[in-house]
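In: Test case, fold it:
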Amino acid sequence: MLASLNSMNKQKERLIEITADGAISEDELADFIFIQHELERISITVETLQLWAERMLATGAIDAQQYQAYKEKLEKR
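Out: Predicted structure coming up:
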């Protein structure tokens, strides 16, 4: 995931360039597909981490009350 995030950080400006005019030209297509692929990898990793966290909560490996308290605290920021 870190590799994908680092890659996306570098590709952010390119994605802005590609999408700024609302069209993807032939010379932009390869970069766009690469960026899309990296976003898909990040999405899968995030989903996996969410499932892992849910399992940790369900099995008691993470204290549910403490988890909820921290989550509410962050949401108020």
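In: burial measure for residue 35, as a count.
Out: 19 (other C-beta atoms under 10 Å). Heads up, the C-betas are built off the backbone N, CA and C, glycines and all.
In: How far away from the center of its chain is the longest helix along the chain?
Out: Taking DSSP state H as the criterion, the chain has its longest helix at helix 26-59. Between the centre of helix 26-59 and the centre of its chain there are 6 Å (C-alpha atoms, centre = their mean, to the nearest Å).
In: ditto for stretch 3-10
Out: Using C-alpha atoms, centre = their mean, the offset of stretch 3-10 from its chain centre is 10 Å.
In: Need the contact partners of that stretch.
Out: Residues from elsewhere that reach stretch 3-10 (C-beta atoms under 8 Å, 6 or more residues apart in numbering): 35, 38-39, 41-42, 45.
In: hang on, the earlier thing: ok, residues contacting the helix or strand following the longest helix of the chain?
Out: Moving toward the C-terminus from helix 26-59, the next helix or strand (DSSP states H and E) is helix 64-76. By C-beta under 8 Å, 6+ apart, the residues outside helix 64-76 that reach it are residue 57.
In: ok, back up a step: I'd like to know which of the contacts of stretch 3-10 is nearest to residue 58.
Out: residue 45 (20.3 Å; C-beta to C-beta).
In: From residue 17, how far out is the closest one?
Out: 25 Å (C-beta to C-beta, to the nearest Å).
In: Neighbour count for the two, which is higher?
Out: Neighbour totals were compared for residue 45 and residue 17, and residue 45 leads with 14 against 11 (other C-beta under 10 Å).
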